[in-house]
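Colleague: Sequence and predicted structure are below.
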Amino acid sequence: MRTTLQTLAAEGHRGGIDVRVSLRSDAGSGDAAFDGAWFPRSRDLAVELPELVAALDRRGLHIERFTYSLDAWSPAPRKVVVGGRVVRTGGFRSMDAGVVCLTWAGGTRRADLLVVPPETDVITGARALRLCTRRGLPRSPQMVLAAARSVPLPQVPGLPYTRAV
């Protein structure tokens, strides 16, 4: 069991690279399959998690616990210090590899974020981030990512109907 202290820039991201996360306005209400999505750049939680927590802090969510699938991530410290606060982490083999769970407000609020795999192309990742803020999504991360990968049919504007004479 080890604790890591991560120092971040004032903006909460490294080298000018912003954290790719989307969050529903009612995150934690339990009304949706996903409360948002996270598109990390690697599978290294020691690097990615402090940035995510700092980004969510700026949005007013003070994350206290972060749980994840042990099979999807490289080993992570049990506690991560971000902005002087400790965030406890827990890895479980029973969790879906496509989801991470955040809790805050003394454990009374919980949000499930879809994890867009780091190797996903940027366009698909951006679509998945946008999709996860909508209602009515399937509960399967694989189905949401499949929807994000699908190419929409081109929209052809309706032309006035004319009859050849």
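Modeller: Here it is on my side, so go on. Note that the structure is a prediction, hence the values are computed from the model and not measured.
Colleague: What strand or helix carries residue 148?
Modeller: Secondary-structure element containing residue 148, defined by DSSP states H and E: helix 141-149.
Colleague: Quick one: mean pLDDT over that helix.
Modeller: Across helix 141-149, the average pLDDT comes to 87.
Colleague: try stretch 80-94
Modeller: For stretch 80-94, the mean pLDDT works out to 91.
Colleague: Would you mark the buried spots in it?
Modeller: Neighbour counts over stretch 80-94 (16 or more other CB atoms under 10 Å) mark 80, 81, 82, 87, 89, 91 as buried. C-betas here are computed from N, CA, C, even on glycine.
Colleague: Check the spacing between the fifth one and residue 64 real quick.
Modeller: The span separating residue 89 from residue 64 equals 11 Å under the rule CB to CB, to the nearest Å.
Colleague: What of the last one?
Modeller: From residue 91 across to residue 64, the span is 16 Å (CB to CB).
Colleague: same deal with the fourth one?
Modeller: Taking CB to CB as the measure, residue 87 and residue 64 are separated by 6 Å.
Colleague: Give the bridge partners for the most centrally placed residue in the chain, please.
Modeller: Nearest to the geometric centre of the chain sits residue 38, at 1.8 Å (CA atoms, centre = their mean). Taking DSSP bridges as the rule, residue 38 bridges to residue 21, residue 115.
Colleague: pretty sure it contacts residue 51?
Modeller: No - using CB atoms under 8 Å as the test, residue 38 is too far from residue 51 to be in contact (10.1 Å).
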